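Q: sequence first, then the predicted structure, then my questions.
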Amino acid sequence: MNQEVIQSFLNLQGIAGIALIDGRSRPYFCGIDQALNFQQKEALAQGILQVIETIPEGFDSFEFQFTGHDVYIYKLKHGIVLLVLTNHSLVYAEYLKIIKDLKATLQEDIANAIATFRLIAGNMTLSGIDYSKMGQRDPNTAATSSPSVVRSSQATTNPPVTPSPSQESAVSSPAVSSSPVASAKPTSSAPSLKEVVAAFNQLSQFTADYLGPHVISNYWKSTRPDDDWLAQFQVDRTARFNLDPAIASNAQQPVIPSESELIQTWVAAFIKRCTVVIRDFPALVEQKALTDAQKVILLKRP
(Lines give C-alpha, C1' and ligand atoms only; values in the text may rest on other atoms or scores of the structure.)
Protein backbone atom coordinates (compact mmCIF):
# COMPACT_ATOMS: atom_id res chain seq x y z
CA MET A 1 0.00 0.00 0.00
CA ASN A 2 1.49 3.34 -1.10
CA GLN A 3 2.04 5.47 1.99
CA GLU A 4 2.70 8.63 -0.03
CA VAL A 5 -0.69 8.41 -1.75
CA ILE A 6 -2.48 8.08 1.58
CA GLN A 7 -0.53 10.95 3.13
CA SER A 8 -1.19 13.18 0.11
CA PHE A 9 -4.89 12.44 0.28
CA LEU A 10 -5.16 13.10 4.01
CA ASN A 11 -3.27 16.37 3.57
CA LEU A 12 -5.61 17.56 0.82
CA GLN A 13 -7.46 20.73 1.76
CA GLY A 14 -11.09 20.07 2.63
CA ILE A 15 -10.69 16.41 3.69
CA ALA A 16 -12.33 16.30 7.11
CA GLY A 17 -12.48 12.56 7.70
CA ILE A 18 -12.27 9.06 6.26
CA ALA A 19 -13.86 5.77 7.22
CA LEU A 20 -13.27 2.21 6.02
CA ILE A 21 -16.15 -0.19 6.63
CA ASP A 22 -16.39 -3.88 5.75
CA GLY A 23 -19.50 -4.92 7.68
CA ARG A 24 -17.57 -7.51 9.70
CA SER A 25 -14.85 -5.88 11.81
CA ARG A 26 -15.28 -2.59 13.63
CA PRO A 27 -15.20 0.33 11.17
CA TYR A 28 -12.05 2.45 11.15
CA PHE A 29 -12.65 6.21 11.41
CA CYS A 30 -9.96 8.83 10.82
CA GLY A 31 -10.98 12.39 11.69
CA ILE A 32 -14.68 11.53 11.88
CA ASP A 33 -14.20 10.44 15.47
CA GLN A 34 -13.53 14.08 16.36
CA ALA A 35 -17.07 15.03 15.36
CA LEU A 36 -19.17 11.99 16.25
CA ASN A 37 -19.73 9.97 19.36
CA PHE A 38 -19.66 6.17 19.36
CA GLN A 39 -23.40 5.75 18.74
CA GLN A 40 -23.34 8.24 15.85
CA LYS A 41 -20.43 6.48 14.20
CA GLU A 42 -22.14 3.10 14.53
CA ALA A 43 -25.38 4.53 13.12
CA LEU A 44 -23.50 6.09 10.22
CA ALA A 45 -21.69 2.86 9.40
CA GLN A 46 -24.84 0.71 9.62
CA GLY A 47 -26.85 3.23 7.62
CA ILE A 48 -24.29 3.25 4.83
CA LEU A 49 -24.16 -0.55 4.65
CA GLN A 50 -27.95 -0.84 4.60
CA VAL A 51 -28.33 1.70 1.82
CA ILE A 52 -25.51 0.13 -0.21
CA GLU A 53 -27.37 -3.18 -0.10
CA THR A 54 -30.20 -1.54 -2.04
CA ILE A 55 -27.96 -0.14 -4.80
CA PRO A 56 -28.23 -2.23 -7.99
CA GLU A 57 -25.22 -3.90 -9.60
CA GLY A 58 -23.25 -1.51 -11.77
CA PHE A 59 -23.23 1.30 -9.20
CA ASP A 60 -20.07 1.77 -7.17
CA SER A 61 -20.44 5.21 -5.61
CA PHE A 62 -22.91 7.70 -4.25
CA GLU A 63 -23.08 10.89 -2.19
CA PHE A 64 -24.98 12.27 0.78
CA GLN A 65 -24.88 15.06 3.34
CA PHE A 66 -24.22 14.41 7.02
CA THR A 67 -24.01 16.97 9.85
CA GLY A 68 -23.28 19.76 7.39
CA HIS A 69 -20.58 17.91 5.43
CA ASP A 70 -20.54 16.52 1.90
CA VAL A 71 -19.76 12.82 1.94
CA TYR A 72 -18.58 10.56 -0.87
CA ILE A 73 -19.02 6.79 -0.69
CA TYR A 74 -17.13 4.23 -2.79
CA LYS A 75 -17.69 0.48 -2.99
CA LEU A 76 -14.35 -1.34 -3.16
CA LYS A 77 -13.56 -5.02 -3.59
CA HIS A 78 -14.78 -7.68 -1.14
CA GLY A 79 -17.57 -5.49 0.23
CA ILE A 80 -15.30 -2.82 1.71
CA VAL A 81 -16.70 0.71 1.69
CA LEU A 82 -14.61 3.88 1.61
CA LEU A 83 -16.24 6.99 3.06
CA VAL A 84 -14.73 10.46 2.56
CA LEU A 85 -16.06 13.34 4.67
CA THR A 86 -15.38 16.78 3.16
CA ASN A 87 -16.08 20.41 4.00
CA HIS A 88 -16.65 23.57 2.00
CA SER A 89 -12.93 24.22 1.48
CA LEU A 90 -12.52 21.12 -0.71
CA VAL A 91 -10.98 21.90 -4.11
CA TYR A 92 -12.89 19.41 -6.18
CA ALA A 93 -10.51 19.42 -9.16
CA GLU A 94 -7.65 18.35 -6.87
CA TYR A 95 -9.87 15.80 -5.18
CA LEU A 96 -10.65 14.20 -8.56
CA LYS A 97 -6.95 13.70 -9.25
CA ILE A 98 -6.14 11.86 -6.05
CA ILE A 99 -9.25 9.84 -5.17
CA LYS A 100 -8.60 7.48 -8.08
CA ASP A 101 -5.05 6.83 -6.79
CA LEU A 102 -6.33 6.29 -3.24
CA LYS A 103 -8.90 3.71 -4.36
CA ALA A 104 -6.25 1.88 -6.39
CA THR A 105 -3.84 1.91 -3.46
CA LEU A 106 -6.41 0.53 -1.03
CA GLN A 107 -7.31 -2.27 -3.43
CA GLU A 108 -3.69 -3.38 -3.90
CA ASP A 109 -4.03 -5.29 -0.62
CA ILE A 110 -7.77 -5.17 -0.03
CA ALA A 111 -7.78 -7.98 2.54
CA ASN A 112 -5.61 -5.90 4.86
CA ALA A 113 -6.83 -2.46 3.76
CA ILE A 114 -8.33 -1.40 7.08
CA ALA A 115 -5.41 -2.59 9.22
CA THR A 116 -2.78 -1.07 6.94
CA PHE A 117 -4.63 2.22 6.52
CA ARG A 118 -5.04 2.46 10.31
CA LEU A 119 -1.29 2.02 10.72
CA ILE A 120 -0.40 4.70 8.15
CA ALA A 121 -3.07 7.25 9.05
CA GLY A 122 -3.01 6.78 12.81
CA ASN A 123 -0.60 9.60 13.60
CA MET A 124 -1.76 12.09 10.99
CA THR A 125 -3.86 15.23 11.46
CA LEU A 126 -6.37 16.02 8.74
CA SER A 127 -6.15 19.51 7.26
CA GLY A 128 -9.90 19.78 6.77
CA ILE A 129 -10.86 19.55 10.43
CA ASP A 130 -11.61 22.70 12.38
CA TYR A 131 -11.24 21.17 15.82
CA SER A 132 -12.73 24.22 17.51
CA LYS A 133 -16.04 23.59 15.72
CA MET A 134 -16.22 19.80 15.55
CA GLY A 135 -19.38 18.46 17.09
CA GLN A 136 -21.23 21.76 16.62
CA ARG A 137 -24.20 21.63 14.30
CA ASP A 138 -25.32 24.20 11.85
CA PRO A 139 -28.63 25.58 13.19
CA ASN A 140 -30.20 24.74 9.83
CA THR A 141 -28.99 21.14 9.94
CA ALA A 142 -31.40 18.55 11.31
CA ALA A 143 -30.34 16.99 14.60
CA THR A 144 -30.02 13.43 13.40
CA SER A 145 -27.26 10.90 13.09
CA SER A 146 -28.66 9.32 9.96
CA PRO A 147 -27.14 10.01 6.53
CA SER A 148 -29.18 11.67 3.80
CA VAL A 149 -28.71 9.97 0.47
CA VAL A 150 -28.36 12.26 -2.51
CA ARG A 151 -27.75 10.08 -5.53
CA SER A 152 -25.99 6.94 -6.75
CA SER A 153 -23.41 6.95 -9.51
CA GLN A 154 -22.79 4.37 -12.21
CA ALA A 155 -19.57 2.39 -11.94
CA THR A 156 -16.80 4.59 -13.30
CA THR A 157 -13.16 5.47 -12.82
CA ASN A 158 -14.19 8.94 -11.71
CA PRO A 159 -15.74 9.82 -8.33
CA PRO A 160 -19.31 11.06 -8.05
CA VAL A 161 -20.35 14.45 -9.37
CA THR A 162 -20.59 17.48 -7.11
CA PRO A 163 -23.31 16.85 -4.55
CA SER A 164 -26.61 18.67 -4.40
CA PRO A 165 -29.03 18.97 -1.47
CA SER A 166 -31.61 16.26 -0.98
CA GLN A 167 -33.90 14.75 1.60
CA GLU A 168 -32.91 12.48 4.49
CA SER A 169 -32.90 8.69 4.53
CA ALA A 170 -31.36 5.57 6.10
CA VAL A 171 -31.67 3.94 9.46
CA SER A 172 -33.41 6.44 11.68
CA SER A 173 -35.92 9.24 11.47
CA PRO A 174 -35.26 11.24 8.27
CA ALA A 175 -35.62 15.00 8.55
CA VAL A 176 -37.31 16.37 5.46
CA SER A 177 -36.79 20.03 4.73
CA SER A 178 -39.35 20.32 1.96
CA SER A 179 -42.75 21.77 2.66
CA PRO A 180 -45.75 19.44 2.84
CA VAL A 181 -47.69 18.89 -0.34
CA ALA A 182 -50.68 21.18 -0.55
CA SER A 183 -53.72 19.31 0.65
CA ALA A 184 -56.66 18.69 -1.59
CA LYS A 185 -60.04 17.53 -0.37
CA PRO A 186 -60.84 13.94 -1.29
CA THR A 187 -63.66 13.53 -3.74
CA SER A 188 -66.54 11.20 -3.16
CA SER A 189 -66.41 9.93 -6.75
CA ALA A 190 -64.18 7.04 -7.80
CA PRO A 191 -60.76 8.10 -9.15
CA SER A 192 -59.95 7.66 -12.81
CA LEU A 193 -57.01 5.64 -14.11
CA LYS A 194 -55.35 8.95 -14.96
CA GLU A 195 -55.66 10.10 -11.34
CA VAL A 196 -54.25 6.78 -10.13
CA VAL A 197 -51.21 7.19 -12.38
CA ALA A 198 -50.70 10.74 -11.10
CA ALA A 199 -50.84 9.51 -7.50
CA PHE A 200 -48.40 6.69 -8.25
CA ASN A 201 -45.99 9.18 -9.81
CA GLN A 202 -46.26 11.56 -6.86
CA LEU A 203 -45.32 8.81 -4.41
CA SER A 204 -42.70 7.32 -6.71
CA GLN A 205 -40.84 10.55 -7.40
CA PHE A 206 -41.00 11.54 -3.72
CA THR A 207 -39.36 8.24 -2.78
CA ALA A 208 -36.83 8.40 -5.61
CA ASP A 209 -35.41 11.54 -4.02
CA TYR A 210 -34.36 9.33 -1.12
CA LEU A 211 -33.09 6.14 -2.73
CA GLY A 212 -32.70 6.94 -6.42
CA PRO A 213 -35.01 6.17 -9.35
CA HIS A 214 -33.47 2.84 -10.33
CA VAL A 215 -33.84 1.40 -6.85
CA ILE A 216 -37.43 2.64 -6.58
CA SER A 217 -38.32 1.27 -10.01
CA ASN A 218 -37.08 -2.14 -8.88
CA TYR A 219 -39.05 -1.86 -5.62
CA TRP A 220 -42.28 -1.16 -7.51
CA LYS A 221 -41.74 -4.11 -9.82
CA SER A 222 -40.77 -6.54 -7.09
CA THR A 223 -43.75 -5.68 -4.86
CA ARG A 224 -46.48 -5.65 -7.52
CA PRO A 225 -49.10 -8.34 -6.81
CA ASP A 226 -49.50 -10.97 -9.49
CA ASP A 227 -52.64 -9.59 -11.12
CA ASP A 228 -53.29 -8.91 -14.79
CA TRP A 229 -55.22 -5.70 -14.11
CA LEU A 230 -52.23 -4.08 -12.37
CA ALA A 231 -50.00 -4.85 -15.36
CA GLN A 232 -51.48 -1.83 -17.17
CA PHE A 233 -49.56 0.43 -14.79
CA GLN A 234 -46.09 0.40 -16.28
CA VAL A 235 -43.08 1.82 -14.43
CA ASP A 236 -39.89 2.70 -16.29
CA ARG A 237 -36.27 2.89 -15.12
CA THR A 238 -36.74 6.45 -13.93
CA ALA A 239 -39.49 5.26 -11.54
CA ARG A 240 -42.15 6.99 -13.62
CA PHE A 241 -45.58 5.43 -14.17
CA ASN A 242 -47.51 5.35 -17.43
CA LEU A 243 -50.58 3.51 -18.61
CA ASP A 244 -50.14 0.69 -21.09
CA PRO A 245 -50.46 2.37 -24.52
CA ALA A 246 -53.06 -0.23 -25.47
CA ILE A 247 -55.51 1.14 -22.90
CA ALA A 248 -54.30 4.74 -22.63
CA SER A 249 -57.45 5.92 -24.39
CA ASN A 250 -59.41 4.73 -21.34
CA ALA A 251 -57.50 6.99 -18.94
CA GLN A 252 -60.71 8.64 -17.72
CA GLN A 253 -62.30 5.30 -16.81
CA PRO A 254 -63.19 5.18 -13.08
CA VAL A 255 -61.67 2.58 -10.79
CA ILE A 256 -64.07 0.16 -9.09
CA PRO A 257 -63.67 -0.83 -5.40
CA SER A 258 -62.02 -4.20 -6.10
CA GLU A 259 -59.44 -2.46 -8.29
CA SER A 260 -58.82 0.15 -5.60
CA GLU A 261 -58.07 -2.66 -3.19
CA LEU A 262 -55.46 -4.07 -5.59
CA ILE A 263 -53.81 -0.65 -5.89
CA GLN A 264 -53.68 -0.18 -2.13
CA THR A 265 -52.32 -3.69 -1.60
CA TRP A 266 -49.50 -2.91 -4.02
CA VAL A 267 -48.72 0.42 -2.37
CA ALA A 268 -48.75 -1.19 1.08
CA ALA A 269 -46.17 -3.75 -0.08
CA PHE A 270 -44.05 -0.99 -1.64
CA ILE A 271 -44.12 1.08 1.55
CA LYS A 272 -43.16 -1.97 3.60
CA ARG A 273 -40.17 -2.58 1.31
CA CYS A 274 -39.01 1.03 1.61
CA THR A 275 -39.36 0.88 5.38
CA VAL A 276 -36.50 -1.63 5.49
CA VAL A 277 -34.20 1.28 4.57
CA ILE A 278 -36.17 4.29 5.85
CA ARG A 279 -37.66 3.37 9.20
CA ASP A 280 -40.14 6.22 9.37
CA PHE A 281 -41.18 5.97 5.73
CA PRO A 282 -44.90 5.32 6.47
CA ALA A 283 -45.04 8.54 8.49
CA LEU A 284 -43.26 10.43 5.72
CA VAL A 285 -45.78 9.22 3.17
CA GLU A 286 -48.63 10.21 5.42
CA GLN A 287 -47.23 13.64 6.29
CA LYS A 288 -45.23 14.76 3.27
CA ALA A 289 -45.66 12.74 0.10
CA LEU A 290 -49.30 12.89 -0.95
CA THR A 291 -52.31 15.14 -1.08
CA ASP A 292 -55.38 14.06 0.85
CA ALA A 293 -57.05 12.92 -2.38
CA GLN A 294 -54.01 10.84 -3.32
CA LYS A 295 -53.97 9.24 0.13
CA VAL A 296 -57.54 8.08 -0.46
CA ILE A 297 -56.46 6.49 -3.74
CA LEU A 298 -53.27 4.78 -2.57
CA LEU A 299 -53.39 4.14 1.16
CA LYS A 300 -55.30 1.49 3.05
CA ARG A 301 -57.31 2.70 6.00
CA PRO A 302 -58.36 0.70 9.07
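A: Perfect, thanks for sending it.

Q: identify the residues contacting Ile99.
A: Ile99 is in contact with 9, 72, 74, 84, 159, counting by Cβ atoms under 8 Å, 6 or more residues apart in numbering. Quick note: C-beta positions are derived from backbone N, CA and C, even for glycine.

Q: oh, that last question was meant for Leu20, not what I typed.
A: Counting by Cβ under 8 Å, 6+ apart, Leu20 touches 27-28, 80-83, 106, 113-114, 117.

Q: go on, Ala283?
A: For Ala283, no contacting residues are found, by Cβ under 8 Å, 6+ apart.

Q: what's the neighbour count on the closest residue to Ile110 other than its chain neighbours?
A: Computed as Cβ to Cβ, 6 or more residues apart in numbering, the closest residue to Ile110 that is not its neighbour in sequence is Lys77, at 4.6 Å. By the other Cβ atoms under 10 Å criterion, the neighbourhood of Lys77 contains 11 residues.

Q: where does Lys77 land on pLDDT?
A: Among the per-residue scores, Lys77 holds a pLDDT of 84.

Q: Ala248 versus that one, what's the distance?
A: Applying Cβ to Cβ, to the nearest Å, one obtains 46 Å for the distance of Lys77 from Ala248.

Q: repeat that for Ala293.
A: According to Cβ to Cβ, Ala293 and Ala248 sit 22 Å apart.

Q: and the helices in the stretch 1-150 of the chain?
A: Taking DSSP state H, counting those that start in this stretch to define them, one finds helices in the stretch 1-150 of the chain at 3-10, 38-52, 92-108, 113-121.

Q: in terms of mean pLDDT, which of the ones you listed ranks lowest?
A: Ranked by mean pLDDT, those bottom out at helix 38-52, with a mean of 68.

Q: among the contacts of Ile99, the buried ones, what's the ChimeraX command?
A: Restricted to buried positions by 16 or more other Cβ atoms under 10 Å, the ChimeraX selection for these reads:
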select :9,72,74,84,159
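
Q: when you compare pLDDT across the contacts of Ile99, which one is lowest?
A: Ranked by pLDDT, the contacts of Ile99 bottom out at Pro159 (40).

Q: on that earlier part again, and the contacts of Leu20, which two are the farthest apart?
A: Of all pairs drawn from those, the widest gap by Cβ to Cβ lies between Pro27 and Leu106 and measures 14.3 Å.

Q: quick check: what element follows the helix or strand of the chain with the lowest mean pLDDT along the chain?
A: Here the helix or strand of the chain ranked lowest by mean pLDDT, DSSP states H and E is strand 148-154, holding a mean of 44. Toward the C-terminal end, the helix or strand that comes next after strand 148-154 (DSSP states H and E) is helix 193-211.

Q: got the angle between the very next helix or strand once past that next one and helix 193-211?
A: For helix 193-211, the following helix or strand on the C-terminal side (DSSP H and E) is helix 213-223. Taking axes from the mean of the first three to the mean of the last three Cα atoms, to 10 degrees, one finds helix 213-223 and helix 193-211 inclined to each other by 120 degrees.

Q: who are the packing partners of helix 213-223?
A: In terms of contact count using 3 or more Cβ pairs under 8 Å, 6 or more residues apart in numbering; DSSP states H and E, helix 213-223 is assigned the packing partners helix 193-211, strand 233-235, helix 257-275.

Q: one step back: more neighbours, Ala293 and Ala248?
A: It is Ala293, of Ala293 and Ala248, that has more neighbours when counted by other Cβ under 10 Å, with 17 against 13.

Q: what about the more buried one, is that helix, strand or coil?
A: At Ala293, secondary structure determined by DSSP: H, G, I helix; E, B strand; the rest coil is helix.

Q: how close does it sit to Arg237?
A: 28 Å.

Q: could you do Glu195 as well?
A: Taking Cβ to Cβ as the criterion, Glu195 is separated from Arg237 by 24 Å.

Q: neighbour-wise, which of these two wins?
A: Residue environment comparison for Glu195 versus Arg237 gives the larger neighbour count to Glu195, 19 against 9, counting by other Cβ under 10 Å.

Q: give me whichever of the helices and strands packed on helix 213-223 is most buried.
A: helix 193-211 (a mean of 20; mean count of other Cβ atoms under 10 Å).

Q: contacts only, for Ile110.
A: Counting by Cβ under 8 Å, 6+ apart, Ile110 makes contact with 76-78, 80.

Q: do I have it right that Ile114 meets Cys30?
A: No - here Ile114 lies out of contact with Cys30, judged by Cβ atoms under 8 Å, at a distance of 10.7 Å.
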